[in-house]
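# structure for this input, please:
(chains A, B, C and D)
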Number of protein chains: 2
Amino acid sequence: MTKKDDFSLQDFLPYLLNQAAEESSLSFQQVYKGRYGMLRTEWRVLFHLGIYGELTATEIVTRARIHKTKVSRAVQKLVERRFVTRERDGDDRRQERLTLTHSGKVAYRDLQEIGERYQAQLTERLTQDEVAQLKRMLRVLAGLDK
Amino acid sequence: MTKKDDFSLQDFLPYLLNQAAEESSLSFQQVYKGRYGMLRTEWRVLFHLGIYGELTATEIVTRARIHKTKVSRAVQKLVERRFVTRERDGDDRRQERLTLTHSGKVAYRDLQEIGERYQAQLTERLTQDEVAQLKRMLRVLAGLDK
DNA sequence: AATCAACCATTACCAACGCAACCAAATTCC
DNA sequence: GGAATTTGGTTGCGTTGGTAATGGTTGATT
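Numbers count the residues shown, from 1 in each chain, chains lettered A, B, ... in the order given. Down below sits the predicted model:
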């Protein structure tokens, strides 16, 4: 048997990353879907606004690397459900400043807290140090580090 | 500022995993899409057949954790494009044994080789040891280790 | 100041997804 | 041994996603 045949999906990084990502987002998805009827993209937009405060749609697109049509639709939903308010920028009337409403902030804090607990549970089979290493490497792979 | 406010998306594991997974599958997607007009699910099915040989649709579902309708449609496409043949099982006529055709094998080997090179390039900013650690942890998170 | 290119965001259109319902074959149960 | 249940796989249909085109605004060129 040659070296070539040793190749396995279990060793193919994009595949492994995908499996881990899917697995890790699945149960958390139940939370924001069940509690607030949110889709994944909506939750992600909410979180960005919760963390960074006022943002425009384009800023969310570049920060979160979500397709702009997805952001557009997610914002629409969040506005409908009164989690977010949009307001045309005075200086540049093309863009809209997005901010969380009160209930948006409440939802954010609620989910953020659950998220932290969920993360802790997710990594209980790894040491603190391993988790730190893992995150560092993921940032490298995602091209998120400076 | 309290501890709570330190929470950041850059530190939320499901988010990081998703970013890394998306980033790492993006350029490779161009390859199987460009060369063979395949979708992600089709490529995944092809790889499973390439690695494990003859499988049924259900076996692919459980191994790859892909929804059965996705597998069903991917198999359909792969059969149409003559990468895969299906054959009713004699013992249990509900299931179909799936195997790669010659051109299916060729495509698999081609993509597998590119995949390996791609993986090497992806991890060039990490040491061998780090990659091994990373894969181990991802398997834990994905629930893939015994 | 009129034109043109660049930009922010949305929409129209079609492809892909996922749930639930379904068909056909096999197994269980009485 | 026949009805009910389970299992392998497909399909219909409403939802979600991406590409490309559009509307509306700004900035640059002249």
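# ok, now which ones touch A:Leu100?
Applying C-beta atoms under 8 Å, 6 or more residues apart in numbering or on different chains to A:Leu100 gives the contacts A:46, A:49-50, A:83-84, A:108. Heads up, the C-betas are built off the backbone N, CA and C, glycines and all.
# of those residues, closest to chain B?
Nearest to chain B among these is A:Gly50, at 8.8 Å by C-beta to the nearest C-beta.
# grab the nearest non-local neighbour of that closest one.
Leaving out its chain neighbours, the residue that sits closest to A:Gly50 by C-beta to C-beta, 6 or more residues apart in numbering or on different chains is A:Tyr108, at 3.4 Å.
# all helices for chain A, in order.
Taking DSSP state H as the test, the helices found in chain A are A:13-36, A:40-52, A:57-64, A:68-80, A:102-122, A:128-142.
# and the longest one, does that touch chain B?
Right, helix A:13-36. Yes. For helix A:13-36, a contact with chain B is found by C-beta under 8 Å from any C-beta of the partner chain, at A:13-25, A:28.
# now distance to DNA strand D, pLDDT and neighbour count too, for these, in a markdown table please.
Formatted as a markdown table, the residues of helix A:13-36 next to chain B follow (distance: C-beta to the nearest atom of the strand, whole Å; pLDDT from 0 to 100; neighbours: other C-beta atoms under 10 Å in any protein chain shown):
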| residue | distance to DNA strand D | pLDDT | neighbour count |
| --- | --- | --- | --- |
| A:Leu13 | 21 | 93 | 24 |
| A:Pro14 | 16 | 92 | 24 |
| A:Tyr15 | 19 | 91 | 24 |
| A:Leu16 | 21 | 93 | 23 |
| A:Leu17 | 17 | 93 | 28 |
| A:Asn18 | 14 | 91 | 23 |
| A:Gln19 | 19 | 91 | 22 |
| A:Ala20 | 19 | 93 | 29 |
| A:Ala21 | 14 | 92 | 26 |
| A:Glu22 | 13 | 90 | 17 |
| A:Glu23 | 18 | 89 | 18 |
| A:Ser24 | 17 | 90 | 26 |
| A:Ser25 | 12 | 90 | 18 |
| A:Phe28 | 15 | 91 | 21 |
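# so who does A:Leu111 touch?
Counted by C-beta under 8 Å, 6+ apart, A:Leu111 has contacts A:31-32, A:35-36, A:43, A:46-47.
# relative to DNA strand D, how far out is the closest residue to A:Arg73 other than its chain neighbours?
Sequence neighbours aside, A:Thr41 is the residue nearest to A:Arg73 in space, at 7.5 Å (criterion: C-beta to C-beta, 6+ apart). Distance, A:Thr41 to DNA strand D, by C-beta to the nearest atom of the strand, to the nearest Å: 5 Å.
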